[in-house]
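Asks: Have a look at this prediction, sequence included:
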Amino acid sequence: MLFSKVFIPILKNDPTEAKIKSHKLMLRLGMIKQSSAGIYSWLPLGFKVMKKIEDIVREEQNRIGAQEILMPTIQSSEIWKESGRYEDYGEEMLRIKDRQNREMLYGPTNEELITDIFRNSIKSYKSLPQLLYHIQWKFRDELRPRFGIMRCREFYMKDAYSFDISDDDALLSYNKFFLSYLRTFKRMELSAIPMAADTGPIGGNLSHEFIILADTGESKIYTDKRIFDVDSNLTTIEKNSLDKMRNDFEKFYSVTDEKFDQKIFENKVPEKYRIKTKGIEVGHIFYFGDKYSKPMNASVDFNGKKEFVKMGSYGVGVSRLVGAIIEAKYDEKNEIMKWPTSVSPYDCSVIPLLNKNDKSNLEKSMKIYNFLKNNKIDTILDDTYESISAKMKKFNLIGIPFQIIIGKKSDEETFEFKKIGEEPKKLKIEEIVKIIKNNK
Ligand code: 5CA
């Protein structure tokens, strides 16, 4: 894309209403635009990042054998009355009436709807396990929406649901998602640690939150430094290896605020390894057995016996991750953002010094731009006549990981190429393509 044509409405300064750096940067770069409290439009730069995050999440769900579906945002109240959550969910649920005066709601989560789909279709245990997921907007009428898309009312979530015949099988499904979350966040260059957590309105007695450390996070956490070194590079989803991996994590005390016990913390974690800090919850997984299948009568035939299926649910905050990555990768003091290559809105930027009376640099830049495009490298070329220092400042903020700078001294053969925030090197365009492709 040419910068003069893209829709990236950049502000000169940080907006005053934003308190944390991800919110500031997203507004400043025109990644999002608030439409009402806690509800946002996603503009091209923000939307591109979110879509890349969504693709990674999808690939890692498919890799463990989960199947993608799409459920609606609007649900009937009937199924929520069956599970008993219609009243329990309280004011966070946005309730709506249709023209026939039927009670509907904008889904805050989908345990009931997926249970309804399951019970009408699957009759035999031989069809189990079933792992189903969708990526869809959710609405929660949060009392205090804040920090931009980090805690908002309408947000984009991946939610998966597992159905098994026994507790043992269900724990295998749980562990598959546990692993897929570790892989998902790693591909975004985030170190998200699993922490034993409370189950809240979803229910059940086994749950982990996946949390990245950040001072601006809303979750208080207590953990052990050594958990960062646990090997999560499993290539199989076979039961024994998964059990071992979860065990390796659970050797280390790592909990959220609600589960915290000072005595256990001090007993289990030597002082030099203790971490008490804050973090951002980017994923949350739950095992709740027959909490929904029993009241909603979701059962299968197991050798002539009716068995309620054992269920779990697994959420990733896809839209929240955009902010979480910024919190982790943005150097606010020096105004340099560094997107991980896997989620960057573009692969490369071409930043030329342009002069209205001499078109040679523009022509050179267009050539490079077309060459990169033909090599499937998503590139943005700054064809505006701003000064080179203003352009550099702007692109440091936008955070595209690779930059090609066409300055006064550039020749026909080699170009100034740099990883954002590092020193430039003079390289041939073919070498540049190789580096970018190897880093994708
Ligand atoms: N049904 C379960 C799992 S599918 C569930 O809803 N879990 S959850 O409530 O923990 O949400 C899953 C993830 O969505 C969270 O880990 C968080 O990353 C994201 N999320 C939750 N509430 C918000 C919100 N108000 N704004 C942005 N993201 C949110």
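Replies: Received, thanks.
Asks: Those residues of the stretch 301-440 of the chain touching the ligand, which are they?
Replies: Taking CB under 6 Å from any ligand atom as the contact definition, the stretch 301-440 of the chain meets the ligand at 313, 314, 315, 317, 320. For every residue, glycine as well, the C-beta is placed using N, CA and C.
Asks: Surely residue 256 and residue 208 touch.
Replies: No. Look at residue 256 against residue 208 with CB atoms under 8 Å: they stay out of range, at 9.4 Å.
Asks: For beta bridges, what are the partners of the residue lying closest to residue 67 once chain neighbours are set aside?
Replies: Leaving aside its sequence neighbours, residue 67 sits nearest to residue 132 (CB to CB, 6 or more residues apart in numbering; 5.6 Å). Residues in a beta bridge with residue 132, per DSSP bridges, are residue 67, residue 161.
Asks: For residue 132, give me its contacts.
Replies: 66, 67, 68, 69, 114, 117, 118, 160, 161, 163 (CB atoms under 8 Å, 6 or more residues apart in numbering).
Asks: again, only this time at 6 Å
Replies: 67, 69, 161 (CB atoms under 6 Å, 6 or more residues apart in numbering).
Asks: Just give the closest residue to residue 231, not the sequence neighbours.
Replies: residue 248 (7.0 Å).
Asks: What degree of burial does that neighbour show, as a neighbour count?
Replies: 14 (other CB atoms under 10 Å).
Asks: Can you name the helix or strand that it falls in?
Replies: Using DSSP states H and E, residue 248 maps to helix 239-250.
Asks: what stretches of the stretch 301-440 of the chain score poorly on pLDDT?
Replies: Within the stretch 301-440 of the chain, the segments meeting pLDDT under 70 span 409.
Asks: Tell me which residue in it sits closest to the ligand.
Replies: residue 317 (2.2 Å; CB to the nearest ligand atom).
Asks: Please name the bridge partners of that residue.
Replies: residue 157.
Asks: Report the closest residue of the stretch 1-150 of the chain relative to the ligand.
Replies: residue 109 (3.8 Å).
Asks: Make sure that residue is indeed in a helix.
Replies: No. The assignment for residue 109 is coil, going by DSSP: H, G, I helix; E, B strand; the rest coil, so no helix is present there.
Asks: So which of residue 256 and residue 208 has more stuff around it?
Replies: Taking neighbours as other CB under 10 Å, residue 256 and residue 208 compare with residue 208 leading, 26 against 22.
Asks: nearest residue to the more buried one other than its sequence neighbours?
Replies: In space, residue 208 is closest to residue 194, 4.4 Å off (CB to CB, 6+ apart).
Asks: what's the helix or strand for the one you found?
Replies: strand 192-196.
Asks: could you pull out the helices for this protein?
Replies: 21-28, 44-63, 77-83, 85-88, 111-121, 167-187, 239-250, 262-268, 318-329, 360-374, 388-398, 429-439 (DSSP state H).
Asks: Who are the packing partners of the second one?
Replies: So that's helix 44-63. helix 167-187, helix 318-329 (3 or more CB pairs under 6 Å, 6 or more residues apart in numbering; DSSP states H and E).
Asks: Show me which residues of the stretch 151-300 of the chain sit near the ligand.
Replies: So far as CB under 6 Å from any ligand atom goes, the stretch 151-300 of the chain lies against the ligand at 151, 152, 155, 157, 159, 202, 281, 282, 283, 284, 286.
Asks: And the buried ones among the residues you listed, selectable in PyMOL?
Replies: Per 16 or more other CB atoms under 10 Å, the buried members of these correspond to this PyMOL selection:
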select buried, resi 151+152+155+157+159+202+281+282+283+284+286
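Asks: with the residues of the stretch 151-300 of the chain next to the ligand in mind, which one is nearest to residue 329?
Replies: The closest of those to residue 329 turns out to be residue 282 (CB to CB; 13.7 Å).
Asks: For residue 271, see how far away the closest one is.
Replies: 28 Å (CB to CB, to the nearest Å).
Asks: Please apply the same query to residue 438.
Replies: In terms of CB to CB, residue 438 sits 42 Å off from residue 271.
Asks: Just give me the neighbour total for the residue lying closest to residue 300 once chain neighbours are set aside.
Replies: Closest residue to residue 300 in three dimensions, ignoring its sequence neighbours and counting by CB to CB, 6+ apart: residue 125, at 4.7 Å. Using other CB under 10 Å, residue 125 has 20 neighbouring residues.
Asks: And residue 342, by the same measure?
Replies: Around residue 342 there are 17 residues (other CB under 10 Å).
Asks: which residues does residue 257 contact?
Replies: By CB under 6 Å, 6+ apart, the contact set of residue 257 is residue 220.
Asks: go on, residue 107?
Replies: Here residue 107 is in contact with 73, 75 (CB under 6 Å, 6+ apart).
Asks: Phi, psi for it please.
Replies: Main-chain dihedrals, residue 107, degrees, to the nearest 10: phi -60, psi 120.
Asks: And the pLDDT at it?
Replies: According to the prediction, residue 107 has pLDDT 98.
Asks: For residue 136, see how far away it is.
Replies: 8 Å.
Asks: Check residue 170 too.
Replies: Applying CB to CB to residue 170 and residue 136 gives a distance of 24 Å.
Asks: Then residue 350?
Replies: 37 Å.
Asks: Who has more neighbours out of the two?
Replies: Neighbour count, other CB under 10 Å: between residue 350 and residue 136, residue 350 has more, with 25 against 17.
Asks: Pretty sure the more buried one sits against residue 365.
Replies: Yes. Contact criterion CB atoms under 6 Å: residue 350 and residue 365 qualify, at 5.2 Å.
Asks: what's the overlap in contacts for these two?
Replies: Shared contacts of residue 350 and residue 365, counting by CB under 6 Å, 6+ apart, come down to residue 381.
Asks: give the contact list for the nearest residue to residue 129 once chain neighbours are set aside.
Replies: Among residues not flanking residue 129 along the chain, residue 164 sits closest, at 4.8 Å (CB to CB, 6+ apart). Each residue near residue 164 by CB under 6 Å, 6+ apart is listed here: 128, 129, 170, 173, 310.
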